[in-house]
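Q: Let's see this in three dimensions:
(one chain, ligands or ions: 1)
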Amino acid sequence: MGSGIAQVSAAAGYETTVVEVNQKLVDRGLGMIAKNLGRLQEKGVLTAENRAAIDARIHPSTDLAALSGCDIVIEAIIENLAEKRVVYAKLDEIVQPKSIFCSNTSSLSITEMMTATKRTDRFFGMHFFNPVPVMKLVEVVRTIASDPTVYQSTVEFAASLGKTPAQTSDRGGFIVNRLLVPYMLDAIRAFEEGVGSITDIDNGMKLGCGHPMGPFTLLDFVGLDTTYYIAGIMFDEFREKRYAAPPLLKRLVMAGWFGRKSGRGFYDYADPAAPKPLDGLLR
Ligand SMILES: NC(=O)c1ccc[n+]([C@@H]2O[C@H](COP(=O)([O-])OP(=O)(O)OC[C@H]3O[C@@H](n4cnc5c(N)ncnc54)[C@H](O)[C@@H]3O)[C@@H](O)[C@H]2O)c1
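A: Reported below is the predicted structural model:
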């Protein structure tokens, strides 16, 4: 997510400093940006000159101090509250007080993160979608402590990245995951109850509702571990059954079947071009 955010920021004309934990990971992120920009160049969407300008606006580092003069800092480290709070406490000391902090968290509370800093009035969620250069939405999340003027500037910044901002408040799952997660969990429950096969449920939503992919293809794409984790956080927040992970999801995650990234989930990806539904094993 971090490399995607850096790419859209630099492409929108902003000087962009990126920080990773070591040089190997910096290089991996820059490699992902180079691959994306290369593809755009091949398609003729990006000229060599524009590409060079984007590259020149990206300033990599392994030192948080490199962020000291930034106007806005967008954090996209691992989805772990304790880890994020440690990073924010350090950043608060390093980065100029007028700067805005934003977290790309999918499910953690912005309010719980902002209290690691003294700038609670200029601390927001800025939730991008994967893959960042392609997906048009950004949820911009305010808290009860937000300064309304600074919030509006942050919404405008998101729009200046070529995205459509959706304004929302700090409630578990924001807008998209609040609606999407129960839908995906319901598909698993329907399968568990024998309502239909993986293929028929996927086809139902794809061909009957015009979704670009069915719920099981989407679950495998998002990652079953990620979905399980987010569902747990949302269940803790709302205590409603619709956010509770169905037993089958838990079993898949415990078995290490995380979906596309691990080679198996609701489908088997031995041949990634022709995923095979695993109804027989999962019933
Ligand atoms: N993957 C998605 O589809 C998606 C979508 C929207 C939001 N998010 C959110 O974005 C964030 C990152 O997700 P991801 O999928 O890119 O995770 P990831 O594990 O692929 O990347 C996280 C990166 O953060 C780096 N990191 C960890 N600690 C760091 C530190 N102290 N300083 C600098 N870098 C550090 C890690 O080295 C790693 O490269 C999470 O909060 C996640 O919830 C993910």
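
Q: Now do the strands in the stretch 101-250 of the chain.
A: 123-128, 137-142, 164-169 (DSSP state E, counting those that start in this stretch).

Q: which of those strands sits most buried?
A: Stretch with highest mean neighbour count among the strands of the stretch 101-250 of the chain: strand 123-128 (a mean of 26; mean count of other CB atoms under 10 Å). No exception for glycine: its C-beta is placed from N, CA and C like everyone else's.

Q: Now do it: which elements does it pack against?
A: If you count contacts as 3 or more CB pairs under 8 Å, 6 or more residues apart in numbering; DSSP states H and E, strand 123-128 packs onto strand 100-103, helix 110-114, strand 137-142, helix 148-160.

Q: rerun at 6 Å
A: strand 100-103, strand 137-142 (3 or more CB pairs under 6 Å, 6 or more residues apart in numbering; DSSP states H and E).

Q: returning to what we had before: among the strands of the stretch 101-250 of the chain, which comes closest to the ligand?
A: Comparing the strands of the stretch 101-250 of the chain against the ligand with CB to the nearest ligand atom, the closest turns out to be strand 123-128 (5.8 Å).

Q: Would you mind measuring from V222 to L64?
A: 29 Å (CB to CB, to the nearest Å).

Q: Between these two, which has more neighbouring residues?
A: Using other CB atoms under 10 Å as the criterion, V222 and L64 rank with V222 on top: 22 against 16.

Q: Now that one: closest residue in space that isn't a chain neighbour?
A: G259 (7.2 Å; CB to CB, 6 or more residues apart in numbering).

Q: before we move on, what about E15?
A: In space, E15 is closest to R57, 5.4 Å off (CB to CB, 6+ apart).

Q: okay, the one you found: pLDDT?
A: As predicted, R57 sits at a pLDDT of 98.

Q: is it true that it touches A10?
A: Yes - at 4.2 Å, R57 counts as touching A10 under the criterion of CB atoms under 6 Å.

Q: Give me the more crowded residue out of the two.
A: Using other CB under 10 Å as the criterion, R57 and A10 rank with A10 on top: 21 against 17.

Q: list the contacts for the more buried one?
A: Each residue near A10 by CB atoms under 6 Å, 6 or more residues apart in numbering is listed here: 16, 54, 57-58.

Q: And the residue nearest to E15, how close does it get to N104?
A: For R57, the distance to N104 - CB to CB - is 20 Å.

Q: do N50 as well
A: N50 sits 26 Å away from N104, going by CB to CB.

Q: With neighbour numbers in mind, choose between those two.
A: A count of neighbours by other CB under 10 Å puts N104 above the other of N50 and N104, at 21 against 14.

Q: Scan the chain for its longest helix.
A: The residue-count maximum for a helix in the chain (DSSP state H) belongs to helix 23-42.

Q: and the strands of the stretch 101-250 of the chain as a markdown table, adding mean pLDDT?
A: As requested, the strands of the stretch 101-250 of the chain are arranged in a markdown table below (pLDDT from 0 to 100):
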| stretch | mean pLDDT |
| --- | --- |
| strand 123-128 | 98 |
| strand 137-142 | 98 |
| strand 164-169 | 98 |
